[in-house]
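# Structure for this input, please:
(one chain, ligands or ions: 1)
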Amino acid sequence: MRESNKQPHQRQKPQSIPANSKPSIPTFSPRRRTYPKSSTPSNTSTRRSNAHNAYNSDKGTNIQVVLRCRGRNESELAAESPVILEPSGHKDVLLTTSNKRFSFDRVFDQNTTQEHIYAEVVQPILDQVLEGYNCTIFAYGQTGSGKTYTMEGNLEQRTDDAGIIPRVIDNLYEALETKGTEYSIKVSLLELYNEELRDLLNPSNHQQGRQIKIFEDKDGSGVIIQGVDEKYIQTAEEGLDVLRSGIKYRSTGTTKCNDKSSRSHCIFSLTIHIRESVPGKEDVFRIGKLNLVDLAGSENINRSGAELIRAREAGMINQSLLTLGRVINHLVEHSTHIPYRESKLTRLLKDSLGGKTRTCIIATVSIAKMNQEEIISTLDYANRAKNIRNRPEANQPANRNIHIRDLELKIEQLKADLNASYDKNGVYMTHKSYELMKEENQQLKDSVKDRQDRLDKAKHDLVHTESKLRDVTARIDSIIRECDQKVDKIKLEEEQVRTQQTNEILDYFGKFEQDLRSLNKEVHIIGKRYNDIYQHHIQDDQRQIESHETDIDKWKSIVQESMEQQIQRLKEQNKRQRDLFKKEKQKEQEAWTRMQQLVQELSTSRQDSLDTTATSLNNSLVDGIGLLESSKTNMDAENKKLSLHIKQKRDEIGIMESEVLEDQNRYKKIQSRLTSISSLSEAQQQFLHSRTKQPSNEELRKRTLEEPEKEPVPSKRLHR
Ligand SMILES: Nc1ncnc2c1ncn2[C@@H]1O[C@H](COP(=O)(O)OP(=O)(O)OP(=O)(O)O)[C@@H](O)[C@H]1O
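Numbers count the residues shown, from 1 in each chain. Purely as a prediction, here's the structure:
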């Protein structure tokens, strides 16, 4: 917790309201908005109307729920935790592990810039505030998922990282300047830590024991927070300074999930009064309010590693978020009783959940699988919240006098409280404060009763759980007993098996030792026997060597003698062979000379015979050629004759062929004549048969053939 900057103890002064009973009209300093521009679409006016024109005054309007995904951080990347959330389109996101799709008013992926979120979500809401609506934006999500980054971001400089609050402050002044009207802006910064409200713009209040109280307004719909300082700011710069100085006191701590984890819920509120001129009438004040809420993160205590203080904080955070969840459920189910009173958080947000406020929830999630449980819980939470319906109503413009009267009454009230406590001892207060206190008392009583009921139920549950626990404990005891018995039995069995195995091993080694001993004896006997044999053999060998040596000497002299004889014999043989060789060589010489003579003679006689043969061959060749030439001439003549003959024969064949052709034609003619004659004769026969006696077939045939025989025989046929 960063509360070391303790303020000196001093009595809290009543909140200073400008004395002239007119809201201070700041002189607007030149705008200093210099955030780096992104490529975010700038035409927000269309979106504004889309986002907010679905309001039906009877049924109300659903609160707006958007989802912002955070990219994987270093530890998620180091753990190689896979991505399980995939935004698709502008409104859907797919949970890949269950293939379940969730839809929201808007889904922003991990690459969405702060500028983009502001332009798409916040700017339209700010416009509504300027139109006199009360609006709330709150960030909800698991610890470390980016709520504070989204709501605050970098507060130090106007960089890309600046979150919603610094951008709202800057843009609010820009918008009011454009309107060119008088206005006043006051801000407050509250934190809810362990169910205790603290004023971060005046932390000394808390140290002095001054408590912040929550009241419901007259009709029970709105919420009044008493004891919180509201600071009027004149410029955006001053607004940022106030914010920065207050945020320093916010309770933060280090957990396993986030180095700078917010351990409290934080509400930054801006109330804007804008003077509006109505022609012919008195000026009025339009009042708009914007609450920017950064909730503490829900966390799994086991995973976040929270201990002692952190664990208590986490318990309280989870408790209040649980109540928030229950309120959402009751609202969605349209229950008659909504348990706002069960936690300060839900009391503070009462008007934003089901009231007259326009509300937007920004649910923040990681996309890494290692946070799956929290991702699913946030998606379910946000999904249910979509169904909450609010009935936003613009605040009635207050005319100047009413506004001043309100302020005066407030001042009087505060003054009266102050005087009462200055002047008297004991507890003194004005009647109105007393009434308020009574009302608060009643609320507390209700709350106590509520809690008592829950406590009774919890006690009943506890008794039930205890009896269950006893049953379970008894069962566990009997299981443990059974286990013990089983363990004893197993131990006994193991012991027996081990003893048996040891005995077997001992037996085995006993036998082994005996075997070794007998083996040793055998080795000894064999060694002895072997030694005897060895000695015996050595003596034998020595004797043999001696006799061999004598033999060798004898053999040596014999070999020497025979060698000498052999050498002598070889020498003589050599001499004889040399003589023989000389004789042979001489003979060979003579034979060579003779052979040379013979060759000479032979070559002379062969030359002669070759010459003769060549001459006779030449002659016979000349004769042959002559013979060939004459036979060629004969053959040519013969060829000519033959060709002539063949030509004649061919001509003849041609004539014969044409004659055969003519004969064939003639034969065909004769045949056709014969056919006509035979049909004629048949007709005659029939005729004759009908008239006289019929001629015989022989006669008829003769008669028929007579006519063709009279025809001249072709002369050519004779040539054939
Ligand atoms: N969209 C984002 N882009 C870049 N960094 C981010 C984003 N969201 C979160 N971070 C970084 O992640 C870390 C944790 O974010 P932050 O403190 O906003 O989480 P938280 O939800 O407020 O956690 P807690 O509930 O514990 O306070 C911070 O260092 C922040 O800068």
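# From here on, just use CA atoms for contacts and neighbour counts.
Will do.
# Now the helix or strand encompassing residue 315: buried residues?
Using DSSP states H and E, the element containing residue 315 is helix 308-332. Neighbour counts over helix 308-332 (16 or more other CA atoms under 10 Å) mark 310-311, 313-321, 323-332 as buried.
# any idea how this protein splits into domains?
As assigned by automatic domain parsing, the chain contains the domains 61-396, 399-429.
# right, so the ones you listed: which one is the most enclosed?
Mean neighbour count (mean count of other CA atoms under 10 Å) peaks for domain 61-396 among those, with a mean of 19.
# Quick check: end-to-end length of that domain?
This stretch, domain 61-396, spans 19 Å end to end (CA to CA, to the nearest Å).
# how far does it sit from the chain's center?
33 Å (CA atoms, centre = their mean, to the nearest Å).
# likewise stretch 652-671?
Relative to the mean C-alpha coordinate of its chain, stretch 652-671 is positioned 103 Å out (CA atoms, centre = their mean).
# picking that back up, tell me which strands and helices whichever helix or strand comes after the helix holding residue 315 is in contact with?
Following helix 308-332 in sequence order, the next helix or strand is helix 344-348 (DSSP H and E). Helix 344-348 is packed against helix 308-332, with contacts defined by 3 or more CA pairs under 8 Å, 6 or more residues apart in numbering; DSSP states H and E.
# And residue 89, its phi and psi?
phi 70, psi -160 (degrees, to the nearest 10).
# what's the closest non-adjacent residue to it?
Leaving aside its sequence neighbours, residue 89 sits nearest to residue 107 (CA to CA, 6 or more residues apart in numbering; 7.9 Å).
# for the chain, what's the longest helix?
helix 431-691 (DSSP state H).
# just checking, what packs against that one?
Short answer (3+ CA pairs under 8 Å, 6+ apart): helix 431-691 packs on helix 697-710.
# Which residues of this protein lie near the ligand?
Residues of the chain lying near the ligand by CA under 6 Å from any ligand atom: 70, 142-149, 258, 260-262, 296-297.
# Let's see that with 5 Å instead.
Residues of the chain lying close to the ligand by CA under 5 Å from any ligand atom are 70, 143-149, 261-262, 296-297.
# ok, so of these, who is nearest residue 186?
Using CA to CA, residue 148 comes nearest to residue 186 of those, at 22.0 Å.
# element containing the closest one, please.
helix 147-151.
# And the next helix or strand past that helix?
As assigned by DSSP H and E, the chain's next helix or strand after helix 147-151 is helix 164-179.
# partners of the helix or strand just after that next one in the sheet?
Following helix 164-179 in sequence order, the next helix or strand is strand 183-193 (DSSP H and E). When sheet partners are counted by DSSP bridges, strand 183-193 sits next to strand 196-199 (antiparallel), strand 231-233 (antiparallel), strand 265-276 (antiparallel).
# and the angle from strand 183-193 to helix 308-332?
Angle between the axes of strand 183-193 and helix 308-332 is 120 degrees (criterion: axes from the mean of the first three to the mean of the last three CA atoms, to 10 degrees).
# I'd like the mean pLDDT over strand 183-193, please.
Across strand 183-193, pLDDT averages out at 91.
# now what about it, what contacts it?
With CA atoms under 8 Å, 6 or more residues apart in numbering as the test, strand 183-193 has contacts from 23-26, 176, 197-201, 228-234, 239, 243, 246-247, 250-251, 263-275, 313, 344-345.
# what's the neighbour count on residue 548?
12 (other CA atoms under 10 Å).
# nope, residue 497 is what I was after
12.
# Which pLDDT value belongs to it?
Looking at residue 497, the pLDDT reads 91.
# for the closest residue to residue 395 other than its chain neighbours, helix, strand, or coil?
Counting by CA to CA, 6+ apart, residue 395 lies nearest to residue 132, which is 5.5 Å off, once chain neighbours are set aside. Here residue 132 is recorded as coil under DSSP: H, G, I helix; E, B strand; the rest coil.
# what's the answer for residue 361, then?
Taking three-state DSSP, the label given to residue 361 is strand.
# contacting residues for it?
Going by CA under 8 Å, 6+ apart, residue 361 touches 63-66, 137-140, 382.
# now, which of these lie within helices?
Of the positions in the contacts of residue 361, residue 382 sit in helices, assigned by DSSP H.
# Below-threshold pLDDT in the stretch 1-150 of the chain: ranges please.
Where the stretch 1-150 of the chain drops to pLDDT under 70, the residues are 1-59.
# just so I have it, where are all the helices in it?
In the stretch 1-150 of the chain, the segments counted as helices under DSSP state H, counting those that start in this stretch are 44-52, 74-78, 114-117, 123-130, 147-151.
# Those: which one's closest to residue 482?
Across the helices of the stretch 1-150 of the chain, the minimum distance to residue 482, taken as CA to CA, is reached by helix 74-78, at 45.2 Å.
# mind checking the backbone torsions on residue 132?
Torsion angles, degrees, to the nearest 10, at residue 132: phi 100, psi 20.
# That one: what's it in contact with?
By CA under 8 Å, 6+ apart, the contact list for residue 132 reads 286-289, 394-397.
# Pick the one among the residues you listed closest to residue 159.
Closest to residue 159, out of all of those and judged by CA to CA, is residue 289, at 26.0 Å.
# Now that closest one: phi and psi?
Per-residue torsions, residue 289: phi -130, psi 140 (degrees, to the nearest 10).
# can you check residue 226 too?
According to degrees, to the nearest 10, residue 226 has phi -100, psi 140.
# Residue 375 too?
phi -60, psi -50.
# Please shift the residue numbers so they start at 48 in all later answers.
Noted, 48 is the first residue going forward, which turns the last one into residue 422.
# per-residue pLDDT, it?
94.
# Now it. Nearest residue, chain neighbours left out?
residue 412 (5.9 Å).
# helix/strand/coil for the one you found?
Criterion first, three-state DSSP; result for residue 412: strand.
# Could you tell me how far it is located from residue 118?
9 Å.
# cool, and residue 384?
With CA to CA as the criterion, residue 384 and residue 118 are 40 Å apart.
# Residue 478: what's it in contact with?
Residue 478 neighbours (CA under 8 Å, 6+ apart): none.
# Please produce a markdown table containing the residues of the chain next to the ligand, extended by distance to residue 544.
As requested, the residues of the chain next to the ligand are exported to a markdown table (distance: CA to CA, whole Å):
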| residue | distance to residue 544 |
| --- | --- |
| 117 | 62 |
| 190 | 58 |
| 191 | 59 |
| 192 | 60 |
| 193 | 64 |
| 194 | 66 |
| 195 | 67 |
| 196 | 68 |
| 308 | 61 |
| 309 | 63 |
| 343 | 63 |
| 344 | 60 |
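# Go through those and name the one nearest residue 481.
So of those, ranked by how close each gets to residue 481 (CA to CA), first place is residue 343, at 34.2 Å.
# where does the closest one fall, phi/psi-wise?
Backbone torsions for residue 343, taken as degrees, to the nearest 10, come to phi -70, psi 160.
# How about the contacts made by it?
Contact analysis of residue 343 by CA under 8 Å, 6+ apart lists 187, 190, 309-313, 364.
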